[in-house]
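**Student:** Here's a sequence, model it:
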Amino acid sequence: MNKTIKELWIKELESDNYKHGTFKLKQEIGSQTRHCCLGVLCEVHRKLKKKGESVWERHQVEEHDMSAFYHYKNRGSALHEDLLEWAELDSNQQWDLVAINDNSRDYSRQIKFIKEKL
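**Tutor:** Reported below is the predicted structural model:
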């Protein structure tokens with residue numbers, strides 16, 4: 001994995017800027033916005049790229065529902081190939097992180113995996 005991106009990603013995961021989410025890169029549940037660990041990586045990508053180049057697309061679950069999920073580069077639960085290449089992650093590493101994330105209550109296990117395995 002790209003060392004600079006890895007450091008920035010870990011810093012964001014360790015911050016209080018994001019609430020842990022599962023099954024989607026980014027989602028709204030009521031008034032809370034949640035990110036899976038890969039969604040946080042999308043936020044790192046968005047911050048490093050030119051403004052307006054990469055944006056989240058909001059999809060409301062139902063018209064009167066307070067829930068929504070977001071796509072980043074037309075993906076809702078996994079990274080676009082461009083992001084995998086940018087971060088220097090492979091598909092197996094991504095799916096390992098998805099499995100860890102979706103079976104966790106916070107980012108601690110993902111941070112450990114990123115530090116030790118990537």
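
**Student:** Look up how far residue 115 lies from residue 7.
**Tutor:** 10 Å (C-beta to C-beta, to the nearest Å). All C-beta spots, glycine's among them, are computed from the backbone N, C-alpha and C.

**Student:** An error on my part: the question was meant for residue 84.
**Tutor:** For residue 84, the distance to residue 115 - C-beta to C-beta - is 19 Å.

**Student:** same check, this time on residue 69
**Tutor:** From residue 69 to residue 115 the distance is 28 Å (C-beta to C-beta).

**Student:** So for those two, which sits in the more crowded spot?
**Tutor:** Set side by side, residue 69 and residue 115 show more neighbours around residue 69, with 21 against 10, by other C-beta atoms under 10 Å.

**Student:** which ones are touching the more buried one?
**Tutor:** 24-28, 58-59, 61, 76 (C-beta atoms under 8 Å, 6 or more residues apart in numbering).

**Student:** Using CSV, lay out those residues together with secondary structure and neighbour count.
**Tutor:** CSV is the format used below for the contacts of residue 69 (DSSP: H, G, I helix; E, B strand; the rest coil; neighbours: other C-beta atoms under 10 Å):
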residue, secondary structure, neighbour count
24, coil, 20
25, coil, 26
26, strand, 23
27, strand, 24
28, strand, 19
58, strand, 12
59, strand, 13
61, coil, 13
76, coil, 16
